[in-house]
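Asks: below are the sequence and a predicted model; questions follow.
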Amino acid sequence: MTQHRGPIEALRHDLQAPMAVRGFGSGWFAGFFALVLAIAGCAMVIALRWPGWFAMPELAMVREWRSFRIVVHGVLLASYALALLSLLLRPRKVLGFTALGIGIFAALLGGANVQPSEAKSWGIFFGLDFFVVNLAVTGLMFAPVERLWPRRPDQRLFRVEWREDLFYYLVSSMMVQAITFLSMAPSRAINAHSGGFDAVRAAIGGQPWLLQLIEIMLVTDFVQYWFHRAFHRVPFLWGFHAVHHSAKSMDWLAGSRMHFFEIVALRGITGLPLLTLGFAPSVMQAYVALVYVYASLVHANLGGDLPRLGRWLVTPRFHHWHHGLEAEAVDVNFAIHFPWLDRMFGTFHLPDRRWPEAYGVPEAVPQGYRRQFLYPFRRHRIVNQPPA
């Protein structure tokens with residue numbers, strides 16, 4: 001008897017199809033890239049139609065670029081062509097029809113020629129364009145590299161829990177305005193009541209650019225080390241951080257799994273030295289871009305021991321041990337950039353030529369964004385309830 005699946009379940013099943021039925025010539029790759037391009041093109045059309053709601057003001061210069069609409073048009077045309085190719089080649093049509101449907105919806109909205117629609121603005125926006133740009137940059141950077149030099153060759157792109165991590169990526173990008181507003185509150189309060197330090201700030205901002213970048217990395221890593229360690233040692237805080245550690249597979253997308261409140265707290269504590277000590281804006285922007293790429297790198301499914309480099313800079317193997325499920329991996333390797341902080345404070349662990357055998361946490365963190373969002377507040381009752 002053929003099992004009946006709903007459209008969402010059928011799409012998920014086809015995306016997770018084994019390699020044996022998705023090789024070249026099967027139409028799977030055409031359907032997959034058609035879906036990716038259709039979603040990206042549709043998201044950009046939505047951002048162009050309702051820029052007050054779904055677009056970041058900081059990316060206005062990109063949307064106003066003369067050739068931007070030509071690029072959007074090319075993306076949508078490519079998605080149509082690949083969707084049709086997938087429909088021709090693949091017995092299962094769900095990938096092709098889904099991509100085609102999204103592309104048609106984008107065309108009905110106006111396509112690349114869409115004009116901004118007037119809408120009442122409450123001063124609130126969702127970074128849909130930021131999500132597309134961010135995902136495209138990191139995905140195109142790390143997804144191919146993980147296929148070329150994988151730590152675990154049998155781990156697929158659509159591995160277990162990929163949907164949860166992609167949704168975390170969406171939330172952190174779409175809620176960029178709210179996260180920024182909340183995380184900058186501490187630094188704004190300090191700056192408003194510390195006008196006497198303007199000379200110190202001017203001196204720091206007048207240093208050479210590269211020296212400022214190194215200083216930012218040192219200061220923020222020291223602050224984040226103790227912040228990170230506190231989220232492991234304080235039981236209530238661990239409930240938030242356990243969500244991040246609950247990922248059972250490591251790849252470039254796994255680092256996005258982080259509780260909303262931990263993101264706000266982490267960016268708030270990191271922003272204190274960045275925004276209160278007077279570092280040049282261009283240096284801070286470069287550091288933020290570096291952190292986005294670096295966070296994906298250390299979580300990536302990449303091989304290579306790099307024993308010497310791993311003693312001075314955080315490498316994937318160093319951070320994978322922080323996520324390990326073994327007893328020897330508990331409460332180790334808290335540094336974000338410089339492992340010598342762990343050596344200094346007695347939490348360094350990097351055994352020669354060994355990687356963790358498994359990832360995750362021993363407690364049963366629930367699946368799904370909503371249940372994981374509530375988990376820190378229900379954890380005491382869930383962890384201490386008697387077994388059925």
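Replies: Received the coordinates, thanks.
Asks: tell me the buried residues in the strand or helix carrying G139?
Replies: Here G139, judged by DSSP states H and E, is contained in helix 128-148. Within helix 128-148, the residues scored as buried using 16 or more other CB atoms under 10 Å are 128-135, 138-139, 142, 146. Glycine gets a C-beta too; all of them are placed from N, C-alpha and C.
Asks: packing partners of that helix?
Replies: In terms of contacts (3 or more CB pairs under 8 Å, 6 or more residues apart in numbering; DSSP states H and E), helix 128-148 is packed against helix 28-49, helix 60-63, helix 162-174, helix 281-299.
Asks: and the third one with helix 281-299, angle?
Replies: Just to be clear, that refers to helix 162-174. In terms of direction (axes from the mean of the first three to the mean of the last three CA atoms, to 10 degrees), helix 162-174 departs from helix 281-299 by 170 degrees.
Asks: by how many degrees do the helix or strand just after helix 162-174 and helix 162-174 diverge?
Replies: Next along the chain after helix 162-174, taking DSSP H and E as the criterion, comes helix 176-183. Interaxial angle of helix 176-183 relative to helix 162-174 (the same axes, to 10 degrees): 70 degrees.
Asks: okay, buried residues for helix 176-183 please.
Replies: By 16+ other CB under 10 Å, the buried positions in helix 176-183 come out as 176-177, 179, 182-183.
Asks: now swap in stretch 339-356 and tell me
Replies: Within stretch 339-356, the residues that count as buried by 16+ other CB under 10 Å are 339, 341-342, 347-350, 356.
Asks: which one of the residues you listed is nearest A81?
Replies: The closest of the buried residues of stretch 339-356 to A81 turns out to be P356 (CB to CB; 42.9 Å).
Asks: can you tell me the closest non-neighbouring residue to that closest one?
Replies: Spatially, and ignoring its direct neighbours in sequence, P356 is nearest to G324 (3.1 Å; CB to CB, 6 or more residues apart in numbering).
Asks: look up how far F345 lies from the one you found.
Replies: 19 Å (CB to CB, to the nearest Å).
Asks: could you do M141 as well?
Replies: In terms of CB to CB, M141 sits 32 Å off from F345.
Asks: ditto for R354
Replies: Distance of R354 to F345, computed by CB to CB: 22 Å.
Asks: got it, and G205?
Replies: Counting by CB to CB, the separation of G205 from F345 is 30 Å.
Asks: check D251 too.
Replies: 29 Å.
Asks: chain center to the lowest-mean-pLDDT helix or strand in the chain: distance?
Replies: When the helices and strands of the chain are compared on mean pLDDT, DSSP states H and E, helix 7-15 comes out lowest with a mean of 76. Once both centres are worked out by CA atoms, centre = their mean, to the nearest Å, helix 7-15 turns out to sit 23 Å from its chain's centre.
Asks: same question for stretch 130-143.
Replies: Averaged C-alpha coordinates place stretch 130-143 at 9 Å from its chain's average position (CA atoms, centre = their mean).
Asks: just stretch 46-66 next, same as before
Replies: 21 Å.
Asks: do the same with stretch 39-51
Replies: That offset, for stretch 39-51, works out to 20 Å (CA atoms, centre = their mean).
Asks: then it to CSV, C-alphas only?
Replies: This file holds the C-alpha atoms of stretch 39-51, laid out as CSV (Å, rounded to 0.1, in the frame of the first residue of the first chain):
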residue,chain,number,x,y,z
ILE,A,39,12.4,31.2,-2.7
ALA,A,40,15.3,33.7,-3.0
GLY,A,41,13.6,35.5,-5.9
CYS,A,42,10.2,35.6,-4.2
ALA,A,43,11.7,36.9,-1.0
MET,A,44,13.3,39.7,-2.9
VAL,A,45,10.1,40.6,-4.7
ILE,A,46,8.3,40.7,-1.4
ALA,A,47,11.0,43.0,0.0
LEU,A,48,10.7,45.3,-3.1
ARG,A,49,6.9,45.4,-2.8
TRP,A,50,6.7,46.0,0.9
PRO,A,51,10.1,47.6,1.8
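Asks: domain-wise, how is the protein divided?
Replies: If you go by automatic domain parsing, the domain ranges for the chain are 15-125, 177-376.
Asks: lowest average confidence across these, which one?
Replies: Mean pLDDT is lowest for domain 15-125 out of the domains of the chain, coming in at a mean of 83.
Asks: mind listing what the residue nearest to P356 touches?
Replies: Listed by CB atoms under 8 Å, 6 or more residues apart in numbering, the contact set of G324 reads 356-359.
Asks: spatially central residue for this structure, please.
Replies: Central residue of the chain (CA atoms, centre = their mean): S256, 3.5 Å from the mean position.
Asks: for V288, see how far away that residue is.
Replies: 15 Å.
Asks: repeat that for E58.
Replies: Counting by CB to CB, the gap from E58 to V288 is 12 Å.
Asks: neighbour count winner among those two?
Replies: More crowded of E58 and V288, by other CB atoms under 10 Å: V288, with 14 against 11.
Asks: contact partners for that one?
Replies: Contacts of V288 (CB under 8 Å, 6+ apart): none.
Asks: quick one: the helices in the stretch 151-300 of the chain, in order.
Replies: Using DSSP state H, counting those that start in this stretch, the helices of the stretch 151-300 of the chain run over residues 162-174, 176-183, 185-192, 198-205, 209-233, 235-245, 260-276, 281-299.
Asks: which helices and strands does the third one pack with?
Replies: So the one you mean is helix 185-192. Judged by 3+ CB pairs under 8 Å, 6+ apart, helix 185-192 is in contact with helix 260-276.
Asks: any buried residues in the helix it packs on, and which?
Replies: Buried, per 16+ other CB under 10 Å, within helix 260-276: 260, 262-276.
Asks: same check on stretch 92-103?
Replies: So stretch 92-103, judged by 16+ other CB under 10 Å, has buried residues 92-100, 102-103.
Asks: what about it, distance to the chain center?
Replies: The chain centroid and the centroid of stretch 92-103 are separated by 26 Å under CA atoms, centre = their mean.
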